[in-house]
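1. structure for the following, please:
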Amino acid sequence: MSNAFYNEERKFLNGARARWKEFKYVGGVVMQFLKGFRNLHFIGPCVTVFGSARFKEDHPYYELAREVSAEIAKLGFTVMTGGGPGIMEAANRGAKEAGGLSVGCNILLPHEQKHNPYLDRYVTMEYFFVRKELLRKYSFAFVVLPGGFGTLDEFFETLTLIQTGKIDRFPIVVMGVGYHQEIIAHVQRMMDEETISPDDMDLLLFTDSVEEVMAHIRKHAEGSPSVKLEPPRKASWLLGERKLKRA
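-> Purely as a prediction, here's the structure:
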């Protein structure tokens, strides 16, 4: 991809521009959302797995993501990721190996992030905020494994939206306790200082136990309208829709 898109992003964030340029940008965002809706309309309910793109196949966190995602798939959830390598690949791979559905919502980057080979379906976005909304829109729960700035951004933004009632309350699991120990300590500090309340922690679990993750997701899934499969909807050939089928 050329640098034109990245130059456009930088120009947009430099303040007010001509009205037609702002309108053109908004139109591009709308088209990105429509692209996501058309490709992901029939995939739910999902559990989204976040984590670094940089961990290789021989890393323990890769194997942990693969294992927990296989168990998630066995519960009947579609496993959704950012569609790239590393933890994302491991999660999609685990879902496929367990006979579940595996989807990705990829992102275009200056050094393009290629989608991994374990996806039943994927869509590639240009805007991070569109991508994050799509990952939340179709998800009942999040599993956060070790990652970088992007992973923490997705984690804390989702917590903030739940805390403020902007989205439904759903479980968030953080795995890799040793890796996240400073974050765990900081969350406890926020509770001690009363900048967050104990209720904010009800749906948040820190653990390295796959069994605990499954129990946590099952507990919140029981009776939740978010995980009830909707009546079968017909795919529209005119809109380019097609349903996913399990292997």
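2. any weak-confidence spans in this protein?
-> Residue ranges of the chain with pLDDT under 70: 1-8, 110-113, 223-247.
3. please enumerate the helices of it.
-> Assigned by DSSP state H, the chain shows helices spanning 4-12, 19-40, 60-74, 87-97, 128-137, 149-163, 181-192, 210-221.
4. please state the offset of stretch 72-92 from the chain centre?
-> What separates the centre of stretch 72-92 from the centre of its chain is 9 Å, taken as CA atoms, centre = their mean, to the nearest Å.
5. could you number the chain from 59 rather than 1 from now on?
-> Will do, 59 is the new start, and the previous item becomes stretch 130-150.
6. got the buried residues for that stretch?
-> Neighbour counts using 16 or more other CB atoms under 10 Å place 130-131, 135-150 of stretch 130-150 among the buried residues. Where C-beta positions appear, they are placed from N, C-alpha and C, glycine not excepted.
7. rewinding a little: just name the most buried of the helices of the chain.
-> A comparison of those by mean neighbour count, using mean count of other CB atoms under 10 Å, puts helix 145-155 on top with a mean of 27.
8. relative to helix 207-221, how tilted is it?
-> Relative orientation of helix 145-155 versus helix 207-221 (axes from the mean of the first three to the mean of the last three CA atoms, to 10 degrees): 70 degrees.
9. helix 145-155 vs helix 118-132, what angle?
-> Angle, helix 145-155 to helix 118-132, by the same axes, to 10 degrees: 40 degrees.
10. tell me which residues are up against helix 145-155.
-> Residues outside helix 145-155 that contact it (CB atoms under 8 Å, 6 or more residues apart in numbering) are 107-111, 113, 115, 119-128, 130-131, 136-137, 139-141, 159-162, 174-178, 201, 203-205, 305.
11. quick one, which of the helices of the chain is nearest to residue 233?
-> helix 118-132 (6.2 Å; CB to CB).
12. gap between the closest one and the chain center?
-> 15 Å.
13. just the CA atoms of it, as PDB, please.
-> Provided in PDB are the C-alpha atoms of helix 118-132 (Å, rounded to 0.1, in the frame of the first residue of the first chain):
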ATOM      1  CA  PRO A 118       4.900 -20.200  25.900                       C
ATOM      2  CA  TYR A 119       2.400 -17.400  25.400                       C
ATOM      3  CA  TYR A 120       1.800 -18.600  21.800                       C
ATOM      4  CA  GLU A 121       1.000 -22.000  23.200                       C
ATOM      5  CA  LEU A 122      -1.200 -20.600  26.000                       C
ATOM      6  CA  ALA A 123      -3.200 -18.600  23.400                       C
ATOM      7  CA  ARG A 124      -3.600 -21.700  21.300                       C
ATOM      8  CA  GLU A 125      -4.800 -23.800  24.200                       C
ATOM      9  CA  VAL A 126      -7.300 -21.300  25.600                       C
ATOM     10  CA  SER A 127      -8.800 -20.500  22.200                       C
ATOM     11  CA  ALA A 128      -9.300 -24.200  21.500                       C
ATOM     12  CA  GLU A 129     -11.400 -24.500  24.700                       C
ATOM     13  CA  ILE A 130     -13.300 -21.300  23.800                       C
ATOM     14  CA  ALA A 131     -14.200 -22.900  20.400                       C
ATOM     15  CA  LYS A 132     -15.400 -26.000  22.200                       C
END
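14. relative orientation of that helix and helix 268-279 in degrees?
-> Using the same axes, to 10 degrees, helix 118-132 lies at 40 degrees relative to helix 268-279.
15. name the helices or strands packed onto helix 118-132?
-> strand 104-108, strand 136-139, helix 145-155, strand 197-202, helix 268-279 (3 or more CB pairs under 8 Å, 6 or more residues apart in numbering; DSSP states H and E).
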